[in-house]
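[1] coords please:
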Amino acid sequence: MTIHFIGIGGIGISGLAKFMHFQGHKVSGSDIGSSIITKELQEMGIIVNVPHDKSAISSQDLVVHSAIIRPDNCEVLEAKKQNIEVLARREALLKILPEDRNNYAVAGAHGKSTTSAILSAIMKGSAIIGAESKEFKSNVRYDELNDTLVFEADESDGSFLNTNPKCAIVTNAEPEHMEYYDYNYELFYDSYRQFIAKASCRVINAEDEFLSTIEGDAIRLYPSKDIKNIKYTLINEEPHTQFELNELGIFEVWGLGEHIALDASLAILAAAQSMDIEKIRNNLLDFKGIKKRFDIVSKKSDTVIIDDYGHHPTEIKATLESVKTYAKLKGISDITAVWQPHKYSRTLDNLEAFIKCFEGTKELIILPVWSAGESKKEINFLKEFKRYNITMADSVARKDATLNIIKDKTVLKSINNGLIVGFGAGDITYQMRGQAVNNTLKGIA
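    Numbers count the residues shown, from 1 in each chain. Below is the predicted model of the structure:
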């Protein structure tokens, strides 16, 4: 087939595009601007048009677009004019992930990328993940000799219902992306019920409030009693968690925290249905973390800078607990958090939880809200977060092991000691990596 992907620079659409490219289909795409992802796709031989232009549509067999692409997009209109089938990403999954494939679909509000990457490290085979696995340095791995596919299933637009899962793994079902479900909680939870029911193998976190109500056959993990003797250590300065899982013995996984042990345990239980437990134990060591999740971007004896994708208070709280553990292992006492709120709707819907989740930080630096296309809404961060030592800034810029805090194009201060962790799903990841700020700004060498 010849397939054109509109919005190909997104992590989800790019994953599908790469996978179809590896399968031998002729793939092209477009996006509103260039990015690291679009450049990577071009290096793979995929034609990417920037920006969108109707000339990119040339009698393809199928056009697939991301959820944010509007119906009046010039390429969508041109494809329909040429009578080319046009599908949203969620609809295209039924074609891309057929029923005859051995699909292991991982869903949940939090931890699904990590669990997917861990399961991929264990089972090998192909994988499509919503983040870059450090094991294979991509969000996609393709193995034509192995019919197993680990797929990160997305509930944000209901697309997880179209993943044809043989095995459904669910980390949790905390309400998130409720705007898609019209804030109808029964509709939200029923979608999870349908997803789980579609699979013949089901692995769930049975201590999640909703998942505990799921009836029928399932492999149920009870973290508080099934996961024992959790220990944290640094191996070659890298964080690791060791834990015991029921009668299956002791396992070791990259990362720190009870949530890492939980994610790994769900992956282990899913893989154990078809794999030898000793092979699982050894393959688990291949997991090296994923980009933007507890991602250590600078590390010196007295200064560590971490980039984390956490943009929901549950995620931020869990990561901060891991950060505190890591700081203790490193002998570091001061923790500075840099937060770029993601979307006005998410910030307002979870404001009370956000106010509480930064406990234990020496300083909280708050950046402007990354709107993700939403209309601006007023939020008085100075008032709402007054319990913290707050600095309101426009951006940050890392240079080696120093993080410069910028306001009005001037460096307010530079932090070069302690542990600094950045949270957010916007462009903060580039700021924390020193890739997104004009270094001619006053005060930056």
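[2] Report the residue spans of the stretch 51-200 of the chain with pLDDT below the cut-off.
    The stretch 51-200 of the chain contains no residues with pLDDT under 70.
[3] quick one: the helices in this protein?
    Assigned by DSSP state H, the chain shows helices spanning 11-22, 36-43, 74-81, 89-96, 112-123, 185-197, 223-226, 258-271, 277-283, 313-330, 344-349, 351-357, 381-384, 428-432.
[4] Would you mind giving these as a markdown table with mean neighbour count and distance to Asp143 added?
    All C-beta spots, glycine's among them, are computed from the backbone N, C-alpha and C. Below are these laid out as a markdown table (neighbours: other C-beta atoms under 10 Å; distance: least, C-beta to C-beta, whole Å):
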| stretch | mean neighbour count | distance to Asp143 |
| --- | --- | --- |
| helix 11-22 | 22 | 9 |
| helix 36-43 | 16 | 19 |
| helix 74-81 | 17 | 32 |
| helix 89-96 | 20 | 16 |
| helix 112-123 | 28 | 10 |
| helix 185-197 | 16 | 25 |
| helix 223-226 | 14 | 31 |
| helix 258-271 | 25 | 15 |
| helix 277-283 | 15 | 14 |
| helix 313-330 | 19 | 30 |
| helix 344-349 | 18 | 36 |
| helix 351-357 | 16 | 39 |
| helix 381-384 | 13 | 47 |
| helix 428-432 | 23 | 29 |
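[5] between those, which gets nearest to Trp370?
    helix 428-432 (7.5 Å; C-beta to C-beta).
[6] If you count contacts, what does the closest one end up packed against?
    strand 303-308, strand 395-399, strand 418-423 (3 or more C-beta pairs under 8 Å, 6 or more residues apart in numbering; DSSP states H and E).
[7] Need those strands in CSV (columns: mean pLDDT).
    Below are the helices and strands packed on helix 428-432 laid out as CSV (pLDDT from 0 to 100):
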stretch, mean pLDDT
strand 303-308, 96
strand 395-399, 95
strand 418-423, 98
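[8] May I see those organised as a markdown table, with mean neighbour count and distance to Glu252 added?
    Shown next, in a markdown table, are the helices and strands packed on helix 428-432 (neighbours: other C-beta under 10 Å; distance: least, C-beta to C-beta, whole Å):
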| stretch | mean neighbour count | distance to Glu252 |
| --- | --- | --- |
| strand 303-308 | 24 | 21 |
| strand 395-399 | 22 | 30 |
| strand 418-423 | 25 | 23 |
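[9] Now distance to Leu234 too, for those, in TSV please.
    Formatted as TSV, the helices and strands packed on helix 428-432 follow (distance: least, C-beta to C-beta, whole Å):
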stretch	distance to Leu234
strand 303-308	11
strand 395-399	22
strand 418-423	14
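[10] what's the closest of those to Ala153?
    strand 303-308 (21.9 Å).
[11] quick one on the thing from earlier: need the helices of the chain in CSV (columns: distance to Ala206).
    Output for the helices of the chain, formatted as CSV (distance: least, C-beta to C-beta, whole Å):
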stretch, distance to Ala206
helix 11-22, 28
helix 36-43, 36
helix 74-81, 43
helix 89-96, 27
helix 112-123, 15
helix 185-197, 12
helix 223-226, 9
helix 258-271, 11
helix 277-283, 20
helix 313-330, 18
helix 344-349, 26
helix 351-357, 23
helix 381-384, 35
helix 428-432, 33
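[12] Fine by me, we can end here.
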